[in-house]
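# Need the 3D shape of this:
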Amino acid sequence: MARARNSKKNSPRSARSTRGARVRYAVVGQGYIAQVAVLPAFANARRNSEICALFSDDATKLRKLGRKYGVDHLYGYQHYERGLLESEADAVYIALPNDLHREYTERTAAMGLHVLCEKPMALSVRDGEAMIEAAERNQVKLMIAYRLHFQRANLSAIEMLQQGRLGESRIFNSVFTMNVKDRDNIRLKRERGGGPLWDIGIYCINAARYLFQDEPQEVFAWAANNRDSRFREVDEMTSALLRFPDERLASFTVSFGASDVATYQVVGTKGDLRLDSAYEYAEKMTMTVTVGGKKKEKTFPKTDQFAAELLHFSDCVRSGREPRPSGREGLADVRVIEALFQSAEKGAPVRLAESRPGSPPSPDQVIERPGVPEPELVKATPPSGKS
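Sure, this is the predicted structure:
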């Protein structure tokens, strides 16, 4: 099997060109996010993307989802390389638990296929660097699934700051919380890369970085746990402080034991901007901008953020362009999270070495497709535990 993976003549892409055709995706992992968002998104991305194979260790999921989405190539993980060959996939959407991202990115790249990987890209800087190296060595594209890089509200916030509408940006603050009631949820499993910092803290870090258009130089973190039995393996809550160049500060708190909140605020020398439901994919977002005492509010409708990812990545695959966000953008967040864990353990600030991230998102990256209704799920539940 290893010989097949490392041989270019066995690559599915060797038999067909993706230029001018739909990019064929194998979707690996059929958990909640794949079922509620990724699979439905292909209907809105049909211009250049289609599903050709599904992978899961659950035969019932494969059978029912294959029937629902018209996919004939259905495989267990033990037949991964064979399934990619037989389905003639061009790319893989990795929706697996965080601890499997490196393994499946390397295996996919070795087959000569492109990789669109959920975030966080990896659970260590070392693993993230290995993923980037695997993509470069095999001359394939690697994109990390930062769906908000294509979402109008967040890109409008970036544009407003770039134009100086708030004056000089000084402060970023964010709260992102959810109540993970399902005790079997993978988000509560330490060895799988669970915990609020990896799962939702990455959104706050990424937002601070793209709003400030810079990289933090020093971080400090505190972890808290209310002794709820749900949090035996992971922290209930983390608060963090990030120091950016020009003495700007970013702070955030994330929790798996509080009611649903997803908001950030940027404060400048002339005004402030607040975005509510800032990190959500199934709700509208509301932006409130206050400058000189005058307040303006704008609502952004729900859109299909996952279709936007697919459309952008497939265009990059077909044209040969480097995707944005790239693997280096994903690595930039991993290095911050790694430092935050070190800080929480030591009880002291941790300085970061200079990094070379990918290009930050820009306002011209907006891709909008209509929101999709939530589908009926097959043996998958949201973090809240509701059916």
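# Following the helix or strand bottoming out on mean pLDDT in the chain in sequence, what is the next regular element?
Scoring the helices and strands of the chain by mean pLDDT, DSSP states H and E places helix 2-6 at the bottom, with a mean of 35. The first helix or strand that comes after helix 2-6 along the chain, using DSSP states H and E, is strand 23-28.
# what's next to that next one, contact-wise?
For strand 23-28, the external contacting residues (CB atoms under 8 Å, 6 or more residues apart in numbering) are 18, 34, 38-39, 42, 48-55, 73, 77, 80, 83-84, 87-96, 104, 113-114, 116, 310, 313-314, 317-318. For the C-beta atoms, the positions are set from N, CA and C on the backbone; glycine is no exception.
# all strands of the stretch 151-300 of the chain, in order?
Remark: strands assigned in the stretch 151-300 of the chain by DSSP state E, counting those that start in this stretch are 169-179, 218-224, 237-244, 248-255, 257-268, 271-276, 285-291, 294-300.
# For the shortest one, which outside residues touch it?
Residues from elsewhere that reach strand 271-276 (CB under 8 Å, 6+ apart): 153-154, 157, 160-161, 165-167, 262-266, 285-292.
# Could you do stretch 92-106 as well?
Contacts of stretch 92-106 (CB under 8 Å, 6+ apart): 25-31, 33-34, 38, 80, 84, 108, 113-118, 120-123, 127-128, 130-131, 134-135, 142, 145, 186, 191-194, 198, 310.
# Doesn't residue 46 belong to a helix?
No - per DSSP: H, G, I helix; E, B strand; the rest coil, residue 46 lies outside any helix segment and is coil.
# can you pull the contacts of it?
Contacts of residue 46 by CB under 8 Å, 6+ apart are residue 22.
# looking at this, residue 89 is in a helix?
No - assessed with three-state DSSP, residue 89 is coil; it does not lie in a helix.
# and the closest residue to residue 275 other than its chain neighbours, how many neighbours does it have?
Distances taken as CB to CB, 6 or more residues apart in numbering put residue 287 closest to residue 275, at 5.1 Å, once the chain neighbours are dropped. By other CB atoms under 10 Å, the residues close to residue 287 number 21.
# any idea how far residue 287 is from residue 177?
20 Å (CB to CB, to the nearest Å).
# before we move on, what about residue 136?
Applying CB to CB, the value for residue 136 to residue 177 is 37 Å.
# Look at these two and report which has more neighbours.
Higher neighbour count among residue 136 and residue 177: residue 177, with 18 against 12, using other CB under 10 Å.
# so what's the more buried one bridging to?
residue 255, residue 261 (DSSP bridges).
# residues touching it, list them.
196, 200, 253-262.
# now residue 124
Each residue near residue 124 by CB under 8 Å, 6+ apart is listed here: 334, 338.
# which regions of the protein lie under the pLDDT threshold?
1-20, 385-387 (pLDDT under 70).
# List the beta-bridge partners for the nearest residue to residue 55 once chain neighbours are set aside.
Nearest residue to residue 55, sequence neighbours excluded (CB to CB, 6+ apart): residue 28, at 4.4 Å. Taking DSSP bridges as the rule, residue 28 bridges to residue 55, residue 94.
# Give the burial count for residue 28, as a bare number.
Other residues close to residue 28 by other CB under 10 Å number 28.
# And it, how far from residue 197?
As for residue 28, its distance to residue 197 is 24 Å (criterion: CB to CB).
# what do you get for residue 327?
Following CB to CB, the distance that separates residue 327 from residue 197 is 20 Å.
# swap in residue 370?
Applying CB to CB to residue 370 and residue 197 gives a distance of 33 Å.
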